[in-house]
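Colleague: below is the sequence, then the predicted model.
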Amino acid sequence: MAVRNVPLIQNQPTPDQPVREQSRPVREQAVFAARSRLTDARRRYLNHALPPLGSLLVRHQIAVADTVEWPWARVSGWPHPALLRGRSLSDGAHPSLTHVRMGLPLRIHSVDIVDWAIIDARGEITEGAWTRMLRSPAEPPL
């Protein structure tokens, strides 16, 4: 998936910070950037103002045990600002997430959205995806 017109995240961590500490401020900044523009993304989706044959994807958090996962889903309907319908783009990794399987429908609360992306007909990101280079909080450090 190629990336175009996606702003860089500022305040990159220093090399001497532990990996977990490095990613927290960057992750928080990316989530803030996405959430601050979410209303506009929803408006564009509802007004059919996406690229021709394009889609809106959302990355949402699901709490499991002592951590969270951040799977992506393709939006299939967003009738109410607080709740959307989508189809999962991956399987949940935690054993308690048997309901999160690629292609299955999901109901996602807007407060759980941590990122979004608009993709065009070729599957290229045209906007959003601020967290695309970040690991989910549940993923172990490298």
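Modeller: Sure, I can see it.

Colleague: what about the closest residue to I118 other than its chain neighbours, which helix or strand?
Modeller: Nearest in space to I118, with sequence neighbours left out and distances taken as C-beta to C-beta, 6 or more residues apart in numbering, is E127 at 4.5 Å. Yep, even glycine has a C-beta here, placed from its N, CA and C like the rest. Secondary structure from DSSP states H and E places E127 in strand 125-128.

Colleague: quick one: list the elements packing against that strand.
Modeller: If you count contacts as 3 or more C-beta pairs under 8 Å, 6 or more residues apart in numbering; DSSP states H and E, strand 125-128 packs onto strand 113-119.

Colleague: so in that sheet, which strands flank the strand it packs on, and in what orientation?
Modeller: Paired strands of strand 113-119, with direction, are strand 55-60 (antiparallel), strand 125-128 (antiparallel) (DSSP bridges).

Colleague: point out where the chain drops to low pLDDT.
Modeller: 1-23, 135-142 (pLDDT under 70).

Colleague: which residues in it form strands?
Modeller: Listed in chain order, the strands of the chain (DSSP state E) span 55-60, 62-64, 67-69, 72-80, 83-88, 105-109, 113-119, 125-128.

Colleague: L97 - how many residues pack around it?
Modeller: Neighbourhood size, L97 [other C-beta atoms under 10 Å]: 15.

Colleague: and if you look at A73?
Modeller: For A73, the number of neighbouring residues by other C-beta under 10 Å comes to 24.

Colleague: nearest to A41, of the strands of the chain?
Modeller: strand 113-119 (5.0 Å; C-beta to C-beta).

Colleague: the closest one vs strand 83-88, what angle?
Modeller: 60 degrees (axes from the mean of the first three to the mean of the last three C-alpha atoms, to 10 degrees).

Colleague: pull the CA atoms of strand 113-119 into PDB?
Modeller: Extracted in PDB, the C-alpha atoms of strand 113-119 (Å, rounded to 0.1, in the frame of the first residue of the first chain):
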ATOM      1  CA  ILE A 113     -11.400   4.800  17.100                       C
ATOM      2  CA  VAL A 114      -7.700   5.600  17.300                       C
ATOM      3  CA  ASP A 115      -7.000   6.300  13.600                       C
ATOM      4  CA  TRP A 116      -8.600   6.300  10.200                       C
ATOM      5  CA  ALA A 117      -7.500   6.300   6.600                       C
ATOM      6  CA  ILE A 118      -9.100   7.100   3.200                       C
ATOM      7  CA  ILE A 119      -7.900   4.700   0.500                       C
END
